[in-house]
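Undergrad: coords please:
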Amino acid sequence: MEVTGKKVLVFGSGISGIGAVKLLEDHGAEVILYDGNDKLDKVAMKEQLGDGVKAEIILGEFPEKLIDTLDIAVLSPGVPTDLPVVNAMRDKKVAVIGEVELAYAFGKGDVLAITGTNGKTTTTTLLGEIMKAYKEHTYVVGNIGNPYTVAARQMEEDAVAVAEMSSFQLESIVTFRPKVSAILNFTPDHLNRHHTMEAYVNAKKNIAKNQTAEDYCILNYEDERTREFGEHIDAQVIYFSSRQKLEKGIYLDNGNMIYKNPEEVLVCNVDELQLLGMHNYENYMAAVAMAAVYGVPMDIIRKVIRAFKGVEHRIEYVTEKNGVVYYNDSKGTNPDAAIKGIQAMNRRTVLLGGGYDKGSEFTEWINAFDGKVKKLILIGATKEKIAADAEKCGFHDYVFADTFEEAVLLAAKTAESGEAVLLSPACASWGMFPNYEVRGDEFKRIVNSL
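TA: Numbering: from 1, shown residues only. Below is the predicted model:
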């Protein structure tokens, strides 16, 4: 990608946008940083950009006459690709790309990329640990909180980027080509942004669109959409399965994790692993397969996966108070992820749910309670919608809370010794918190202060 002397708009001033500005100026671009929030502080933004950065900052309403002067527009992940102003840029032949495409153009080394509705943060973190044990210059980037645009400025030729890719990031790629990709699963999510399940799935499928027969794609054999997708791509496909033996791939057999490609190798028994639950075993298998096809020796892989303790905010043990165990699953931001949270509970549970409305349906989540949920405490914009779905499913043990703290304190009061309190909201945190991490941290703060 040639950006020297080009006029480039970076749309969105979050951490990936800031990284994009610096990366572009490194390569001689004339950069404008735009954000629609006119309440932002330009002085603070300039400080964040740092000394020597020359980018012009524009806030508030977009000046449409600016479009005629632009060569390239780089969209941050939170910017919908179908905004009228973005479509106007395309009409004027402005090259519209995402920050992932920009980072890939200038980042050196190999890319191992992971997407899927659920499990991608755990899988990315685990694969990152495996690669760090194998390669000195490993960068864990993307939707996991470390912008790819920031890391791209530091990468060496022998580097490897382990990248968590969201549908938002993948819908705007052009040449992005990982050496190894993985799609863990497809379940409904972000339909408020993508509008249809088909559009959401197609965005995630982009992770493999530029791969060739020299590359690998790791896919979930038990997900009908990913299994079928594997029959129509150029990359070499390795499936993982939690339910049946595979002629080629990685699978569970009586608790043993077996990797067969083409020789059969015993990776470990699931009793040796620190994370519980079939969904986590699938995450392990995906990470192991990605590392194995990249060439990481199995003894390194075994050592790392046995030591791995999981990801903060994902069915995270917090503490035990008065015989009640508290778990933080704030990362359960959609119904399918929250199903995994309740399935992991082995005792009667007081469940905290609700939040921002992403257009999800909640009946499947409620039907997965399976007699475990003693009380469902609902908060946020979705509380009435979830309550209506609960009634449809014949579940009536729910109450509303006006604030997050009220909900946590009510849960603590409701739970008895031998039971659990689980924050697994099935919804995003927006509207109440900036992100799920802040929500989870607040849950832990309240619980630890009880």
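
Undergrad: Shouldn't residue 339 be within a helix?
TA: Yes - under DSSP: H, G, I helix; E, B strand; the rest coil, residue 339 sits within a helix.

Undergrad: From residue 7, how far off is the closest residue to it other than its chain neighbours?
TA: Once flanking residues are discounted, residue 339 sits nearest to residue 368: 4.5 Å by CB to CB, 6 or more residues apart in numbering. Quick note: C-beta positions are derived from backbone N, CA and C, even for glycine. In this view, residue 368 and residue 7 are 51 Å apart by CB to CB, to the nearest Å.

Undergrad: got it, and residue 438?
TA: From residue 438 across to residue 7, the span is 36 Å (CB to CB).

Undergrad: Does residue 181 lie in a helix or a strand, and which?
TA: strand 180-183 (DSSP states H and E).

Undergrad: Just the buried residues of that strand, please?
TA: Within strand 180-183, the residues scored as buried using 16 or more other CB atoms under 10 Å are 180, 181, 182, 183.

Undergrad: my read is residue 228 is in a helix, agree?
TA: Yes - counting by three-state DSSP, residue 228 falls inside a helix.

Undergrad: ok, it - contacts?
TA: Counting by CB atoms under 8 Å, 6 or more residues apart in numbering, residue 228 touches no other residue.

Undergrad: For it, give its distance to residue 186.
TA: For residue 228, the distance to residue 186 - CB to CB - is 10 Å.

Undergrad: next one: residue 72
TA: Following CB to CB, the distance that separates residue 72 from residue 186 is 31 Å.

Undergrad: try residue 38
TA: 38 Å.

Undergrad: of the two, who's got more company?
TA: residue 186 (23 against 9; other CB atoms under 10 Å).

Undergrad: Disregarding residues adjacent in the polypeptide, which is nearest to the more buried one?
TA: Nearest to residue 186 is residue 225, by CB to CB, 6+ apart, at 4.5 Å.

Undergrad: I'd guess the one you found is in a helix, am I close?
TA: Yes - under three-state DSSP, residue 225 sits within a helix.

Undergrad: doesn't residue 200 make contact with it?
TA: No - between residue 225 and residue 200 there is no contact under CB atoms under 8 Å: 10.7 Å.

Undergrad: of these two, who's got more company?
TA: residue 200 (21 against 16).

Undergrad: In a helix, the more buried one, correct?
TA: Yes - Residue 200: assigned to a helix according to three-state DSSP.

Undergrad: got a pLDDT number for it?
TA: pLDDT recorded at residue 200 is 78.

Undergrad: My read is that it contacts residue 168, right?
TA: No - the criterion here is CB under 8 Å, and residue 200 misses it with residue 168 at 10.2 Å.

Undergrad: so where's this protein shaky on pLDDT?
TA: Along the chain, the model assigns pLDDT under 70 to residues 188-195.

Undergrad: Outline the domain layout of it.
TA: 7-100, 107-307, 316-448 (automatic domain parsing).

Undergrad: Dump those into a markdown table; add distance to residue 1 as well.
TA: Shown next, in a markdown table, are the domains of the chain (distance: least, CB to CB, whole Å):
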| stretch | distance to residue 1 |
| --- | --- |
| domain 7-100 | 8 |
| domain 107-307 | 8 |
| domain 316-448 | 30 |
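
Undergrad: hey, where'd the strands end up in the stretch 51-200 of the chain?
TA: Ranges of strands in the stretch 51-200 of the chain, per DSSP state E, counting those that start in this stretch, are 56-59, 72-75, 95-98, 110-115, 138-142, 160-164, 180-183.

Undergrad: Please compute how far the second one lies from its chain's middle.
TA: Strand 72-75 sits 22 Å away from the centroid of its parent chain (CA atoms, centre = their mean, to the nearest Å).

Undergrad: swap in the first one?
TA: Using CA atoms, centre = their mean, the distance from the centre of strand 56-59 to the centre of the chain it belongs to is 29 Å.

Undergrad: same thing with the fifth one?
TA: Between the centre of strand 138-142 and the centre of its chain there are 13 Å (CA atoms, centre = their mean).

Undergrad: Only alpha carbons, please: show it as PDB.
TA: Taking C-alpha atoms only, strand 138-142 is exported to PDB below (Å, rounded to 0.1, in the frame of the first residue of the first chain):
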ATOM      1  CA  THR A 138       5.100 -12.500  19.200                       C
ATOM      2  CA  TYR A 139       2.400  -9.800  19.300                       C
ATOM      3  CA  VAL A 140      -1.100 -10.500  20.500                       C
ATOM      4  CA  VAL A 141      -3.300  -8.000  18.700                       C
ATOM      5  CA  GLY A 142      -6.700  -7.000  17.500                       C
END
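
Undergrad: Pull out the buried positions in it.
TA: 138, 139, 140, 141, 142.

Undergrad: In a markdown table: those residues, plus distance to residue 234.
TA: Converted to a markdown table, the buried residues of strand 138-142 look like this (distance: CB to CB, whole Å):
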| residue | distance to residue 234 |
| --- | --- |
| 138 | 26 |
| 139 | 26 |
| 140 | 27 |
| 141 | 25 |
| 142 | 23 |
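
Undergrad: and the residue nearest to residue 339, what does it touch?
TA: 339, 342, 343.

Undergrad: do residue 20 as well
TA: Taking CB under 8 Å, 6+ apart as the test, what residue 20 contacts is 10, 74, 76, 99, 102, 103, 149.

Undergrad: cool, and residue 369?
TA: 342, 351, 376, 395.

Undergrad: The first one looks like it's in a helix, true?
TA: Yes - under three-state DSSP, residue 342 falls within a helix.
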